[in-house]
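A.B. asks: Got a predicted structure plus its sequence, pasted below:
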Amino acid sequence: MIKIYTDGSSRGNPGPGGYGVVLLYKKNRKEISQGYKNTTNNRMELLAVIKALEALNENNLQIKIFSDSKYVVESIEKGWLWNWEKKNFKKKMNVDLWKRFIPLYKKYNIKFEWVKGHNGLIENERCDRLANLATEKKDLKIDEGYQKIYSKDKLV
């Protein structure tokens with residue numbers, strides 16, 4: 001089983017943000033992170049999960065994802081996401097990311113586990129650190145999905 005730890009952050013929410021990922025499989029470890037100029041915490045929490053799944057090379061893997069985001073975990077584990085999809089995501093946020101997540105989710109056997117943030121869980125703390133460090137880098141990317149949604153009303 002592959003264990004994946006994820007975290008996302010945003011300073012200001014919206015504001016500069018980033019995600020951090022730790023993937024563990026047997027004795028292998030991989031860390032992934034990236035920062036964005038302007039985004040939200042929920043977008044980064046979900047993007048962390050997406051980026052982790054995109055980093056995998058095989059289908060039908062057994063995966064356990066640990067996240068401190070109730071937004072992400074409950075949306076999936078409580079089945080809300082599938083109702084949103086049936087209703088074409090009417091009046092829902094982060095539709096671009098949810099639509100990107102769904103085909104990835106279907107490729108694997110995934111279980112999510114919510115973990116309390118900042119509670120001393122080593123890998124979750126590492127993800128938090130990666131996400132926050134990513135917001136401080138000079139090569140911050142533009143969150144295109146956020147830009148499309150919010151640039152209509154205000155400068156981002």
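C.D. replies: Structure received. Residues are numbered from 1 along each chain as shown.

A.B. asks: In the helix or strand containing I4, which residues are buried?
C.D. replies: Element membership for I4, per DSSP states H and E: strand 2-10. Neighbour-count burial for strand 2-10 flags 2, 4-10 (criterion: 16 or more other C-beta atoms under 10 Å). (Each C-beta comes from the backbone N, C-alpha and C, glycine too.)

A.B. asks: Low-confidence ranges, this protein, go.
C.D. replies: 151-156 (pLDDT under 70).

A.B. asks: again, only using 80
C.D. replies: Per-residue confidence for the chain (pLDDT under 80) gives these ranges: 149-156.

A.B. asks: rewinding a little: could you tell me which strands the strand holding I4 is paired with, and in which direction each runs?
C.D. replies: strand 15-25 (antiparallel), strand 62-67 (parallel) (DSSP bridges).

A.B. asks: Give me whichever of those strands is most buried.
C.D. replies: Among those, strand 15-25 has the highest mean neighbour count (mean count of other C-beta atoms under 10 Å), at a mean of 23.

A.B. asks: Quick one: distance of that strand to the chain centre.
C.D. replies: Relative to its parent chain, strand 15-25 has a centroid offset of 7 Å by C-alpha atoms, centre = their mean, to the nearest Å.

A.B. asks: Dump the C-alpha coordinates for that strand into PDB.
C.D. replies: C-alpha atoms of strand 15-25 as PDB (Å, rounded to 0.1, in the frame of the first residue of the first chain):
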ATOM      1  CA  GLY A  15      -3.200  34.900  -1.100                       C
ATOM      2  CA  PRO A  16       0.100  33.200  -1.900                       C
ATOM      3  CA  GLY A  17      -0.300  29.500  -1.400                       C
ATOM      4  CA  GLY A  18       1.300  26.200  -1.800                       C
ATOM      5  CA  TYR A  19       1.000  22.500  -1.300                       C
ATOM      6  CA  GLY A  20       3.200  19.800   0.100                       C
ATOM      7  CA  VAL A  21       3.100  16.000  -0.400                       C
ATOM      8  CA  VAL A  22       5.000  13.000   1.000                       C
ATOM      9  CA  LEU A  23       4.600   9.700  -0.800                       C
ATOM     10  CA  LEU A  24       5.700   6.500   1.000                       C
ATOM     11  CA  TYR A  25       6.000   3.100  -0.500                       C
END
